[in-house]
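Student: Show me how the following folds:
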Amino acid sequence: MRELTKEDVLAAVRGGSVFASGGGGWVDHGLEIGGAALAIGKPKLASPDELPDDAIILTCTAIGAPAGTDWQMLGKDYIKAVELIIEKYDGTITGVMTPQNGMSSTINGWLPAAALGLVVVDATGDIRAHPTGKMGSLGLASSIEYETIQAVAGGKPELGTYLELVVKGSPARTSNILRTAADMAGGFIAAARHPLPAKYIREHAAIGGISIAIGLGQAILAAEPDGPAQVIEAICSHTGGSLIARGKIARKAVQYSGAFDIGTIELAEADGSRVLLHVMNEYMAVDGHEGVRLSTFPDVITTISLDTGRPVSVGHIEGGMNIGVFVIDRSLIPLSSSVKDPSVYPEVEQALGIELLRYLNLPDAAE
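Tutor: The predicted structure follows:
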């Protein structure tokens, strides 16, 4: 267990931006929330192994789509969502974790932890960012035996969109309710969910997910003085990933729908070939010539500016940008039970109009 620092905030945002896979929040928001956490307390990062088996851990997150324009999530909203769970949960909350890494989502739980005297648990529901709460639900997405409790807070009071909501029930049903709440609050909302014992987290989460993001961020920060090419090389070297395409953005067809950004982005390479990225908040798949699948979730799929060396989110992609498509194969990252759960894929496949599950070759997805 160690105290998180200002340096950790910056590194977590830099590394998390790669694992964001085109989504995962916003750099400024991550720096703001991380700075606020250090201003009001001394959040500590703890391995799940350092906690008793029965220590209860909450997942802290933000639900919605980056293209939503009327949302508002303040630091107090992240804290309020956790407080709502604490008020209703019949037990003691010990720590918080994030369901995913991202530009800001790596830091999701740091502020509530600092404010409420909880620990930040070094585990993620998925090492990379993903569109649905079910994909970060630690294998509980289709469970009808586990009764969860979820809470959200956020929105703009001046527009009448501020909401606080607590729901109990199955993970699938309650997740759908929270997605609707995010849409009603303007497109994004702070959330807390799924109180689970540390023993379960150790068995089902992507362990070390926060440290992995911080370590990558440190490598990026060390390379930044040497320019964009060296940053990209550092990212590839540190993760074992690679650029599978380079070119200019030829077309972006992404629309906001029901708290999701859904569509495609097309990259034109110098030799005239085209690469198609499928988007549901994050990049979920990449197709090459004649629709040949080049990469599929849960691979890390990120667009990186070849001019700056910085990851570019779906919301900031524009026509003519000089972009590299960076991929880390799933065999090189820790995989949680969430991404091995076949039940989390059908709604994403339906939204995108493509297949995902059959490309995974995961033992638990073979059925």
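
Student: Identify the residue nearest the geometric centre of this structure.
Tutor: residue 129 (2.9 Å; Cα atoms, centre = their mean).

Student: Excluding residues flanking it in the chain, which one is nearest it?
Tutor: residue 24 (3.6 Å; Cβ to Cβ, 6 or more residues apart in numbering). Placement of C-beta: from N, CA and C, glycine included.

Student: would you say that neighbour is within a helix?
Tutor: No - going by DSSP: H, G, I helix; E, B strand; the rest coil, the assignment for residue 24 is coil, not a helix.

Student: what residue of the chain is the furthest out?
Tutor: What lies farthest from the middle of the chain is residue 271; by Cα atoms, centre = their mean that is 33.3 Å.

Student: Now do the same for that one: helix, strand or coil?
Tutor: Here residue 271 is coil, with the state taken from three-state DSSP.

Student: before we move on, back to that, please name the residues that touch the residue nearest to the centre of the chain.
Tutor: For residue 129, the contact set (Cβ atoms under 8 Å, 6 or more residues apart in numbering) comprises 19-24, 100-102, 105, 281-282.

Student: quick one: contacts for the residue nearest to residue 129?
Tutor: Neighbours of residue 24 in contact, by Cβ under 8 Å, 6+ apart: 16-17, 100-106, 129, 282, 313.

Student: pLDDT weak spots in this structure?
Tutor: Within the chain, the stretches with pLDDT under 70 are 66-69, 362-367.

Student: Output the longest strand belonging to it.
Tutor: Determined from DSSP state E, the single longest strand within the chain is strand 242-257.

Student: ok, which stretches of the stretch 1-150 of the chain are strands?
Tutor: For the stretch 1-150 of the chain, the strands defined by DSSP state E, counting those that start in this stretch cover 2-3, 44-46, 56-64, 93-98, 119-124, 148-154.

Student: Remind me what the second one packs against, helices and strands.
Tutor: Yep, that's strand 44-46 we're talking about. With contacts defined as 3 or more Cβ pairs under 8 Å, 6 or more residues apart in numbering; DSSP states H and E, strand 44-46 has these neighbours: strand 2-3, strand 119-124.

Student: Serialize the ones you listed to a markdown table and add fields for distance to residue 9 and mean neighbour count.
Tutor: A markdown table is the format used below for those (distance: least, Cβ to Cβ, whole Å; neighbours: other Cβ atoms under 10 Å):
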| stretch | distance to residue 9 | mean neighbour count |
| --- | --- | --- |
| strand 2-3 | 12 | 11 |
| strand 119-124 | 12 | 27 |
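
Student: So for residue 46, which of these sits nearest?
Tutor: strand 119-124 (4.4 Å; Cβ to Cβ).

Student: Parallel or antiparallel, list what pairs with that closest one.
Tutor: strand 44-46 (parallel), strand 93-98 (parallel), strand 206-207 (antiparallel) (DSSP bridges).

Student: quick one, that strand and strand 56-64 angle?
Tutor: 70 degrees (axes from the mean of the first three to the mean of the last three Cα atoms, to 10 degrees).

Student: starting at the chain centroid, how far to strand 119-124?
Tutor: Counting by Cα atoms, centre = their mean, to the nearest Å, strand 119-124 is centred 14 Å from the centre of its parent chain.

Student: and if you look at stretch 60-75?
Tutor: 13 Å.

Student: got the end-to-end distance for that stretch?
Tutor: 12 Å (Cα to Cα, to the nearest Å).

Student: before we move on, what about stretch 16-35?
Tutor: With Cα to Cα, one end of stretch 16-35 sits 16 Å from the other.

Student: cool, and stretch 284-292?
Tutor: 14 Å.

Student: And the contacts of it?
Tutor: Outside stretch 284-292, the residues within contact range by Cβ under 8 Å, 6+ apart are 131, 244-245, 273-278, 293-297, 301, 325, 327, 348, 352, 354, 356, 359.

Student: Same question for stretch 304-314.
Tutor: Contacts of stretch 304-314 (Cβ under 8 Å, 6+ apart): 17-18, 20, 22-24, 26, 66-67, 103, 220, 223-224, 227-232, 235, 243, 246, 254, 261, 265, 279, 281-283, 302-303, 321-326.

Student: Can you give me the buried ones in that stretch?
Tutor: 304-306, 309-314 (16 or more other Cβ atoms under 10 Å).

Student: Now tabulate the strands of the stretch 1-150 of the chain in TSV and tack on distance to residue 161.
Tutor: Shown next, in TSV, are those (distance: least, Cβ to Cβ, whole Å):
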stretch	distance to residue 161
strand 2-3	36
strand 44-46	34
strand 56-64	12
strand 93-98	25
strand 119-124	29
strand 148-154	9
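
Student: Now, the contacts of stretch 304-314 that are in helices?
Tutor: 17-18, 220, 223, 228-232, 235 (DSSP state H).

Student: can you give me the strands in the stretch 151-300 of the chain?
Tutor: Using DSSP E, counting those that start in this stretch, the strands of the stretch 151-300 of the chain run over 163-169, 188-197, 206-207, 242-257, 260-268, 274-280, 282-287, 293-296, 300-305.

Student: Those: which one's closest to residue 138?
Tutor: Taking Cβ to Cβ, strand 188-197 is the member of the strands of the stretch 151-300 of the chain nearest to residue 138, at 6.8 Å.
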